[in-house]
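1. Using only what follows, build the 3D model:
(one chain, ligands or ions: 1)
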Amino acid sequence: MKWITYNERTRVFTLRTRNTMYQMQVREYETLIHLYYGADIGDTEATHRIVCLDRGFSGNLYEAGDDRTFSLDVLPQEYSGYGNGDYRINSLEVEHEDGSDAVHLRYEDYKIQEGKYSLTGLPAMFGDENEAQTLEITLYDRISNLKVHLLYSVFPELDIITRAARIENQGEKQVKIQRAMSMEMDYTHKHMDLVHFYGRHAMERMTERQPLHHGVQSIESKRGTSSHQHNPFVILCDRMTSEKYGDCYGFALAYSGNFRCEIEVDQTEQTRLVMGIHPYHFSYRLEKGDVFETPEVIMAYSGDGLGRLSHIFHDAYRSNLIRSKYMDSPRPILVNNWEATYFDFDEEKLFRIAERAKEIGLDMFVLDDGWFGNRDTDTKGLGDWYVNENKIRGGLAKLVEKIHGLGLKFGIWIEPEMVSEDSDLYREHPDWVLRIPQRHMNLSRSQLNLDITRKEVRDHVMGQIFKVMDECKVDYIKWDMNRSVDNVYSAVLPAERQGEVFHRYVLGVYEMMEQLVQRYPDLLFENCSGGGGRFDAGMLYYSPQIWCSDNTDAIDRLKIQYGTSFGYPVSAMGAHVSTCPNHQTGRTAPFETRGVVASAGTFGYELDLEKLTEEEKEMAKEQIRAYKKMEHLVQTGDYYRLSDPFKNQDHVLWEFVSKDKKEVMVCGVQLRNEANPHIHLIYPEGMDEKRHYQDVETGAVYTGAALMKAGVALPLGKGDYQPVRFHFVMVD
Ligand code: DGJ
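-> Numbering: from 1, shown residues only. Sure thing, here's the model as predicted:
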């Protein structure tokens with residue numbers, strides 16, 4: 001099947017996936033005009049959607065002569081330049097050597113290839129010639145000879161299209177890129193809602209849905225990371241779109257640094273979305289022959305609501321973005337000592353926790369912050385990646401040997417991008433941090449960003465960490481990052497390249513992570529940035545899971561995990577049972593409920609196992625057994641959001657359905673109990689209507705249709721925050 005075609009006569013490019021279609025056309029004056037993205041429309045080329053009108057104050061190309069109807073100010077484009085009569089938000093801005101900034105992008109040629117394109121030093125989806133096909137369209141600016149190669153890969157079976165731009169200076173003179181978006185999407189209407197995921201530390205990815213309005217709105221991060229505050233995943237959808245019905249488009253930027261997604265509704269009710277690296281404090285100088293590649297945007301369209309859109313992203317990430325061998329094999333269930341001890345531990349305490357972990361059936365012990373240098377508080381020690389033998393007497397290797405001896409795996413916490421002023425590393429290399437000359441540095445959590453744009457800095461840090469990993473045979477790494485990037489200036493770059501620091505920082509992170517995953521192919525790698533401050537598709541290329549939030553409160557987690565699930569698979573969300581009253585909120589929720597919520601992710605415990613009561617220990621053993629039985633649903637099943645925690649005051653429910661529909665699990669929390677209660681019916685989804693399913697606990701048998709259409713009653717509550725769990729299996 002030809003998934004990408006070019007019609008020589010009409011000059012229309014058509015990109016197809018199993019259920020979607022994308023079209024663009026080379027039009028008058030070699031402009032590249034966007035025609036359509038959405039449901040499959042058969043063999044029609046949607047050229048009829050382009051209507052040219054004379055619009056006042058919308059400039060016309062010089063070549064158009066007296067024809068005032070052809071204006072780039074209102075025509076939908078694929079990748080807009082600057083200085084060509086289009087005053088909307090644009091994709092590319094440059095500064096030429098003479099100070100001028102126009103860039104008029106015109107079509108040059110195209111290439112279709114089997115398989116997926118890749119980007120140098122950047123994360124991206126991968127796919128062989130059976131999975132993906134790539135179209136490269138080259139646009140060029142005649143005067144500067146700057147070329148823009150627009151890259152499109154289609155993943156037909158996944159209903160995914162990816163985009164990126166490769167910018168190449170083929171001119172004689174230097175060009176400075178001031179803004180280079182990864183993609184642009186022009187819609188000829190505005191009646192859409194924007195769904196996005198905002199938040200803050202410990203309350204990441206809250207969900208907000210708002211109608212688009214005239215003017216520009218943006219979702220962005222200038223913090224050097226993708227951030228807790230906004231997430232580089234957004235959805236545009238019809239006003240009526242719900243979980244089950246309606247049109248929606250998802251855009252995910254596979255990038256972990258500054259980003260911007262801008263959306264403009266223009267004077268003629270059209271909508272333009274651009275997404276890519278944030279232009280703030282960004283520029284990139286291209287000498288003759290140099291190339292700059294933007295990060296990738298992963299796009300999907302669903303005509304069947306937001307639930308289906310999420311499934312598309314979940315499946316795509318699981319099969320063609322996440323590379324870990326743990327993607328398809330069970331993840332060790334862990335205990336992490338952070339909330340159990342914080343910095344106050346010694347080797348005996350740690351080993352006692354490990355022993356308790358073994359007793360209740362856990363698979364791995366994770367040693368969090370505080371094991372290295374003089375790290376007794378969060379004010380010091382970062383950068384000194386050798387064991388603190390005052391705390392871990394006898395050395396780490398000996399402790400790890402004992403933990404391995406229990407039959408447990410061993411994991412460890414690191415924060416490689418950082419340094420404390422009170423550290424040997426800083427005392428030795430005070431010039432290795434990002435620092436603006438002559439100015440005080442801004443601190444955050446008393447720490448500084450290392451200048452990891454520098455190779456010698458990266459190599460030094462990773463060298464230390466590799467030594468520990470080799471000596472201790474580490475099975476799992478938690479890579480943390482606990483401040484935003486600031487003091488943005490690199491001592492080794494010339495003035496005219498300081499606009500590259502933010503991006504080079506991200507490339508440095510990716511290079512370090514790539515070294516880690518190449519060197520230790522069996523490692524389980526978890527990302528983290530003060531919880532979920534870097535929860536993005538870029539990070540998933542390196543690690544199959546990310547610590548979802550520093551907030552372990554099961555009730556707050558309902559919102560956090562709900563919001564995260566729109567764009568990311570639940571198997572990527574680190575989720576732990578912690579103690580009560582919860583350390584972040586002071587709230588108390590039943591142990592079982594904490595287990596149900598943490599089981600909707602990569603499961604683990606983060607509390608002092610020595611302090612568990614006998615009853616809690618038994619419950620923990622049961623939770624661990626239960627998780628092992630359901631883990632395949634978390635890892636490979638379809639995930640449904642059955643209720644919205646931002647709207648539903650009574651209960652929050654979700655569901656896992658195995659791909660063959662033979663096994664279904666509905667889980668959740670009843671938030672509050674009432675006297676003389678209502679009966680709440682819940683309606684599972686995704687089952688086979690005609691087959692029969694048995695409720696594993698009660699033995700009752702229902703048709704799939706009965707469960708999905710007639711519903712099943714929630715158990716009557718026994719108090720607030722009660723757990724819900726139904727397990728159905730197909731019986732015929
Ligand atoms: C922030 C992380 O999200 C926590 O889980 C913990 O690892 C601390 N950092 C340690 O400093």
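
2. Identify the bridge partners of the closest residue to the ligand within the stretch 51-200 of the chain.
-> Of all residues in the stretch 51-200 of the chain, Arg200 sits closest to the ligand, at 13.8 Å by CB to the nearest ligand atom. Every C-beta, even on glycine, is put in place using the N, C-alpha and C of the backbone. Note on Arg200: beta-bridge partners by DSSP bridges are Met203.

3. Report pLDDT for the residue in the stretch 601-732 of the chain that the ligand sits nearest to.
-> Residue of the stretch 601-732 of the chain nearest the ligand, by CB to the nearest ligand atom: Glu606 (7.7 Å). Looking at Glu606, its pLDDT reads 98.

4. and what of Gln649?
-> pLDDT at Gln649 comes out at 88.

5. Does it touch Arg672 like I think?
-> Yes - with contact defined as CB atoms under 8 Å, Gln649 reaches Arg672; the gap is 7.1 Å.

6. about what we covered before: my guess is the residue of the stretch 601-732 of the chain closest to the ligand meets Val335, correct?
-> Yes - taking contacts as CB under 8 Å, Glu606 lies within contact range of Val335: 7.1 Å.

7. who's more crowded, the two?
-> Legend: neighbour count by other CB atoms under 10 Å for Glu606 and Val335, higher for Val335 (27 against 23).

8. For stretch 460-467, could you pull out the residues that count as buried?
-> Of the residues in stretch 460-467, 460-462, 464-466 count as buried by neighbour count, 16 or more other CB atoms under 10 Å.

9. and what of stretch 446-464?
-> Buried residues in stretch 446-464, counting neighbours by 16+ other CB under 10 Å, are found at 447-454, 457-458, 460-462, 464.

10. and if you look at stretch 489-497?
-> 490, 493, 497.

11. what about Ile312, helix or strand, and which?
-> helix 305-320 (DSSP states H and E).

12. Let me see the contact set for the residue nearest to Asp424 when sequence neighbours are not counted.
-> The spatial neighbour of Asp424 that comes closest, neighbours along the chain excluded (CB to CB, 6 or more residues apart in numbering), is Asp384 at 5.1 Å. Residues near Asp384 by CB atoms under 8 Å, 6 or more residues apart in numbering: 372-375, 423-425.

13. strands paired with the strand ranked longest in the chain, and their directions?
-> Scanning the chain for the longest strand, with DSSP state E as the assignment, gives strand 175-187. Strand pairing for strand 175-187, determined by DSSP bridges: strand 92-96 (antiparallel), strand 271-277 (antiparallel), strand 284-286 (antiparallel).

14. which one of the ones you listed lies closest to Phe728?
-> Of all those, strand 271-277 sits nearest to Phe728, with 39.7 Å by CB to CB.

15. Can you show me the CA trace of that closest one as CSV?
-> As requested, the backbone C-alpha atoms of strand 271-277 are provided in CSV (Å, rounded to 0.1, in the frame of the first residue of the first chain):
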residue,chain,number,x,y,z
THR,A,271,-7.2,28.7,13.4
ARG,A,272,-3.5,28.2,13.3
LEU,A,273,-1.5,26.0,15.7
VAL,A,274,2.3,26.0,15.8
MET,A,275,4.4,23.9,18.2
GLY,A,276,8.1,23.7,18.9
ILE,A,277,11.0,25.1,20.8
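
16. So for Gln649 and Arg672, which residue has more residues nearby?
-> Counted by other CB under 10 Å, Gln649 and Arg672 do not tie: Arg672 has more neighbours, with 14 against 8.

17. is it true that that one lies in a strand?
-> No - counting by DSSP: H, G, I helix; E, B strand; the rest coil, Arg672 falls outside a strand, being coil.

18. you'd agree it is up against His680?
-> No - with contacts defined as CB under 8 Å, Arg672 does not count as touching His680, sitting 11.6 Å away.

19. what's the overlap in contacts for those two?
-> Asp650.

20. re earlier: how far away is the residue of the stretch 601-732 of the chain closest to the ligand from Glu417?
-> To Glu417, Glu606 is 23 Å away according to CB to CB, to the nearest Å.

21. that older thread, just give me the neighbour total for the residue of the stretch 51-200 of the chain closest to the ligand.
-> Neighbours of Arg200 under the rule other CB under 10 Å: 11.

22. so what pLDDT did it get?
-> 98.

23. how distant is whichever strand or helix holds Ala397 from the center of its chain?
-> When elements are assigned from DSSP H and E, Ala397 belongs to helix 396-405. Relative to the centre of its chain, helix 396-405 is centred 34 Å away, using CA atoms, centre = their mean, to the nearest Å.

24. Show me the protein divided up by domain.
-> What automatic domain parsing lists as the domains of the chain is 4-320, 333-636, 651-730.

25. First-to-last residue distance for the last one?
-> This stretch, domain 651-730, spans 26 Å end to end (CA to CA, to the nearest Å).

26. what's the answer for the first one, then?
-> Taking CA to CA, domain 4-320 runs 19 Å from one end to the other.

27. swap in stretch 168-179?
-> Counting by CA to CA, you get 14 Å between the two ends of stretch 168-179.

28. Would you mind listing the buried residues in that stretch?
-> Within stretch 168-179, the residues scored as buried using 16+ other CB under 10 Å are 168-169, 171, 174-179.

29. Can you give me the distance of the closest residue to the ligand within the stretch 201-350 of the chain to Ile412?
-> In the stretch 201-350 of the chain, the residue that lies nearest the ligand is Trp338 (4.6 Å; CB to the nearest ligand atom). Note on Trp338: its distance to Ile412, by CB to CB, is 12 Å.

30. Ok, Lys116 next?
-> 34 Å.

31. what's the answer for Val577, then?
-> Val577 sits 21 Å away from Ile412, going by CB to CB.

32. Comparing the two, which shows the higher neighbour count?
-> Taking neighbours as other CB under 10 Å, Val577 and Ile412 compare with Val577 leading, 27 against 23.

33. and that one, helix, strand or coil?
-> In terms of secondary structure, Val577 is strand; the call rests on three-state DSSP.
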